[in-house]
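K.L.:
structure for the following, please:
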Amino acid sequence: MKVAVFSSKPYDRQFLDAANGRRHELRYLDCRLTIATTALAKGSSAVCLFSSDEANATTLMAFAHMGVELIALRSAGFDNIDLNAARAHGIMVARVPAYSPNAVAEHAFALLLSLNRKVHLAYERIRRGNFLLDDLMGFDLVGKTIGIVGVGNIGSVAARIARGFGCTVLGTDLVRRNDCRDIVEYVELNQLLERSDIVSLHCPLNASTRHLIGARELARMKPTAFLINTSRGAVIDTPAVLETLEAGRLGGLAIDVYEGERDLFFEDHFGEPIGDTQFKRLLALPNVLVTPHQGFFTKEALAKIASTTIDNLDAFERTGLPVHEVTFDGTPSRSSIRQPLEA
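P.N.:
Purely as a prediction, here's the structure:
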């Protein structure tokens, strides 16, 4: 298959080439997919997209006219794809449902430990020759209560890590995993927010989770609590969390994702002014830690993302169905008499 790979970085090319073995003709494009760059997919029967790419209705219509039949995502999330439009134009959408739960869960704790023990602040101080301990005090994790919002593949790993630190683990999810019964006490979201010293978000972004953590939810949290987000930026209502932080009603925020990250993350903006005033306000706060959506960024995860992406292309070429098709309301992403393969 001829595949246009948008938002490709050197590491994408390295791992995709290793997994591909010259089976598909991969055409790497540095640019993000936008309406302006859609035409670069001309001549391709599939496009390979990342979470920073935007496949809206206009873009998908153009893809359909070009003969694009498959969108192969290099991510688990698919909130950047207009699934209604994809189905209307007969374009299938495939994803990488689970690449490395450990990578993201471990990064959530890297954020928590750095925020709590002020590692990022201490690092910058020492580089300036300041070895004072003032304002670097943290707290022991042992005995604290951590709330896991979304106890799925990643959240369940986070729960086990938390137990390793000696934490009490609360969880909230529509599905209660049997393998977490002895680790997690399942409660409703409001109770989790009220009881937790740390809240870690591991849920997908959809209509029910967009701004799941807003002003009312933040008001339920302890004023000393930490909020960690390695899921999707829009799970948090950014203006609400900014107001809460600036009013001193939240202990700290650590995020690897941001609601407006599409125009910021994955690119070098050194020397350029940041036009996002909300993001600048976040960075100005000493109890806020931001990383650039790097939770997934391990060798193991990139290898799995690449191999699953190529598997999706292989299966689609052979059968007309990818291995991991994104479904919409329980039906395939395009009308078909064939049923999608189970992930």
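K.L.:
surely Ala39 meets His65?
P.N.:
No - contact criterion Cβ atoms under 8 Å: Ala39 and His65 do not qualify, at 10.5 Å. From N, CA and C alone the C-beta is placed, and that goes for glycine too.
K.L.:
what about Leu113, helix or strand, and which?
P.N.:
Element membership for Leu113 (DSSP states H and E) is helix 101-117.
K.L.:
so for the helix or strand following that helix, what's the average pLDDT?
P.N.:
Per DSSP H and E, helix 101-117 leads on to helix 119-127 as the next helix or strand towards the C-terminus. For helix 119-127, the mean pLDDT works out to 96.
K.L.:
next, the angle helix 101-117 makes with helix 119-127.
P.N.:
For helix 119-127 against helix 101-117, the angle by axes from the mean of the first three to the mean of the last three Cα atoms, to 10 degrees is 60 degrees.
K.L.:
other residues contacting helix 119-127?
P.N.:
Contacts with helix 119-127, where a contact means Cβ atoms under 8 Å, 6 or more residues apart in numbering, come from Leu113, Ser114, Phe131, Leu132, Asp135, Leu136, Pro286, Leu289.
K.L.:
now with 10 Å, please.
P.N.:
110-111, 113-115, 118, 130-136, 138, 254, 286-287, 289-291 (Cβ atoms under 10 Å, 6 or more residues apart in numbering).
K.L.:
in helices, which of these fall?
P.N.:
Residues of the contacts of helix 119-127 located in helices (DSSP state H): Ala110, Leu111, Leu113, Ser114, Leu115.
K.L.:
among these, name the buried ones.
P.N.:
By neighbour count, with 16 or more other Cβ atoms under 10 Å, the ones in helices among the contacts of helix 119-127 hold Ala110, Leu111, Ser114, Leu115 as buried.
K.L.:
how far away is the last one from Gly138?
P.N.:
When you say that, I think you mean Leu115. 9 Å (Cβ to Cβ, to the nearest Å).
K.L.:
equivalent analysis for the second one, please.
P.N.:
Computed as Cβ to Cβ, the Leu111 to Gly138 distance reads 13 Å.
K.L.:
and Glu317, how many neighbours?
P.N.:
Glu317 sits with 15 neighbouring residues when counted by other Cβ atoms under 10 Å.
K.L.:
hmm, it is touching Glu25, no?
P.N.:
No - using Cβ atoms under 10 Å, Glu317 is not in contact with Glu25; the gap is 11.4 Å.
K.L.:
which residues do the two both contact?
P.N.:
Met1, Ser45.
K.L.:
what segments of the chain are helices?
P.N.:
With helices called from DSSP H, the chain shows them at 10-20, 57-66, 83-88, 101-117, 119-127, 153-164, 189-195, 215-220, 238-246, 277-283, 299-319.
K.L.:
give the contact list for the residue lying closest to Leu192 once chain neighbours are set aside.
P.N.:
Among residues not flanking Leu192 along the chain, Gly147 sits closest, at 4.0 Å (Cβ to Cβ, 6 or more residues apart in numbering). With contacts defined as Cβ under 10 Å, 6+ apart, Gly147 is in contact with 162, 167-172, 184-185, 187, 189, 191-201, 221, 225, 227.
K.L.:
hmm, 6 Å instead?
P.N.:
Leu170, Leu192, Ser196, Val199 (Cβ atoms under 6 Å, 6 or more residues apart in numbering).
K.L.:
in the sheet, who's paired with it?
P.N.:
Under DSSP bridges, the beta-bridge partners of Gly147 are Leu170, Val199.
K.L.:
distance of it from Thr59?
P.N.:
Taken as Cβ to Cβ, the span from Gly147 to Thr59 is 38 Å.
K.L.:
still on that earlier bit, report the buried members of the contacts of helix 119-127.
P.N.:
The buried subset of these (16+ other Cβ under 10 Å) comprises Ala110, Leu111, Ser114, Leu115, Lys118, Ala254, Leu289, Val290, Thr291.
K.L.:
make CSV out of the residues you listed and add distance to Asn84.
P.N.:
Output for the buried ones among the contacts of helix 119-127, formatted as CSV (distance: Cβ to Cβ, whole Å):
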residue, distance to Asn84
Ala110, 37
Leu111, 34
Ser114, 40
Leu115, 39
Lys118, 46
Ala254, 34
Leu289, 37
Val290, 32
Thr291, 33
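K.L.:
quick one: which of those is nearest Thr209?
P.N.:
Using Cβ to Cβ, Ala254 is the member of these that lies nearest Thr209, at 18.8 Å.
K.L.:
domains of the protein?
P.N.:
Following automatic domain parsing, one finds the domains of the chain at 2-99+299-332, 101-290.
K.L.:
contacts only, for Lys118.
P.N.:
Lys118 is in contact with Leu136, counting by Cβ under 6 Å, 6+ apart.
K.L.:
tell me the buried residues in stretch 8-16?
P.N.:
For stretch 8-16, by 16+ other Cβ under 10 Å, it's Ser8, Asp12, Phe15, Leu16.
K.L.:
which two from those end up farthest apart in space?
P.N.:
Distance extremes for the buried residues of stretch 8-16: the farthest pair is Ser8 and Phe15 at 10.6 Å, using Cβ to Cβ.
K.L.:
before we move on, back to that, let me have the buried residues of stretch 8-16 in JSON lines, extended by distance to Asp311 and pLDDT.
P.N.:
Formatted as JSON lines, the buried residues of stretch 8-16 follow (distance: Cβ to Cβ, whole Å; pLDDT from 0 to 100):
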{"residue": "Ser8", "distance to Asp311": "18", "pLDDT": "96"}
{"residue": "Asp12", "distance to Asp311": "16", "pLDDT": "97"}
{"residue": "Phe15", "distance to Asp311": "13", "pLDDT": "98"}
{"residue": "Leu16", "distance to Asp311": "12", "pLDDT": "98"}
